[in-house]
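[1] from the sequence below, what's the structure:
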Amino acid sequence: MPAKHYSSIFREINSCKFLKIQSLTLFIITYVDWTLIPFVTKFEGTYLPVFMISFYMLIGALDGFIQPLFKNIRIHNIYLFAIFLDIFQIFSYLVFSFSVIAFTYVILTVFTIQGITFEIARIHTVDFMQDEKVQLKDYLMIRSLMISAAIVSGSISSMIFDYFSVNLNYLFVFLSIVGIIGIYFQIILYKKFKKKVNTSEVIVEIDKKELFEKFRV
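    Numbers count the residues shown, from 1 in each chain. Modelled structure (predicted):
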């Protein structure tokens, strides 16, 4: 039965600690965003003119043009930027108390940059998944599964918060706690990626030196 493939996917996640941490991180960060997105969409329709909504959509659609600019960027630097961006997102919740319009602009800017960073990280992560002996098809399938699970969970959470008319400040507190957990796992990934990159560079330098010695002899 096709359903049996779920068990093989979860076995693969559990067999690779690196993939397990990345899957959990991906779920948490996506969950936070998709719990907040329905409320932000409501603010967009209420406070923002159409041309500004279109402007953010336009910028978000430029990720394909921006990707080549970061072709040689190191993966751990992408995660370091993502960490600072998530910290900024948590602090941006404070803006809501002063101005809903300002908050809407700030959080849309964060979402837009986050989406572009998300795509850049996805491309650069593929090589590391191959090092972990994870098939590319399986990695992409696991990634899609985590994203879909996070979107569904976030959407349900939004409906629950809205149904009970929970004060948005409580929602921000909840998302801040979840976001901090996500940042913690991102820091772990940053360290792991940095270690892998540095180790790979050392190995390459040793190989180059040995090759040079052979040619010199």
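
[2] any idea how far the worst-scoring helix or strand of the chain on mean pLDDT is from the middle of the chain?
    Least confident helix or strand, the chain: helix 4-15 with a mean of 73, by mean pLDDT, DSSP states H and E. Put simply, helix 4-15 sits 22 Å off its chain's centre (CA atoms, centre = their mean, to the nearest Å).

[3] name the residues of it that come out as buried.
    Counting neighbours by 16 or more other CB atoms under 10 Å, one finds that the buried residues in helix 4-15 are 12, 13. Quick note: C-beta positions are derived from backbone N, CA and C, even for glycine.

[4] pull the CA atoms of that helix into CSV?
    Extracted C-alpha coordinates of helix 4-15, given in CSV (Å, rounded to 0.1, in the frame of the first residue of the first chain):
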residue,chain,number,x,y,z
LYS,A,4,3.6,2.3,3.9
HIS,A,5,5.9,5.0,2.5
TYR,A,6,5.1,7.2,5.5
SER,A,7,6.8,4.7,7.8
SER,A,8,9.9,4.7,5.6
ILE,A,9,10.0,8.5,5.6
PHE,A,10,9.8,8.7,9.4
ARG,A,11,12.5,6.0,9.7
GLU,A,12,14.8,8.0,7.5
ILE,A,13,14.2,11.1,9.6
ASN,A,14,14.9,9.2,12.8
SER,A,15,18.1,7.6,11.3
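
[5] state the next helix or strand along the chain beyond it.
    helix 17-47 (DSSP states H and E).

[6] and residue 41, how far is that from residue 158?
    Separation of residue 41 from residue 158 (CB to CB, to the nearest Å) stands at 10 Å.

[7] what do you get for residue 128?
    Here the criterion is CB to CB. By it, residue 128 lies 33 Å from residue 158.

[8] next one: residue 168
    11 Å.

[9] what touches both of these two?
    Jointly contacting residue 168 and residue 158 under the rule CB atoms under 8 Å, 6 or more residues apart in numbering are residue 39.

[10] any idea how far stretch 97-108 is from the chain center?
    Counting by CA atoms, centre = their mean, stretch 97-108 comes out at 22 Å from the chain centroid.

[11] got it, and stretch 146-158?
    Worked out by CA atoms, centre = their mean, stretch 146-158 lies 14 Å from the chain centre.

[12] what about the most centrally placed residue in the chain, which helix or strand?
    Centroid-nearest residue in the chain, with CA atoms, centre = their mean: residue 118, separated by 4.8 Å. Using DSSP H and E, residue 118 falls within helix 100-131.

[13] which other helices and strands does that helix contact?
    The helices and strands touching helix 100-131, judged by 3 or more CB pairs under 8 Å, 6 or more residues apart in numbering; DSSP states H and E, are helix 17-47, helix 50-60, helix 63-66, helix 75-92, helix 136-163, helix 168-216.
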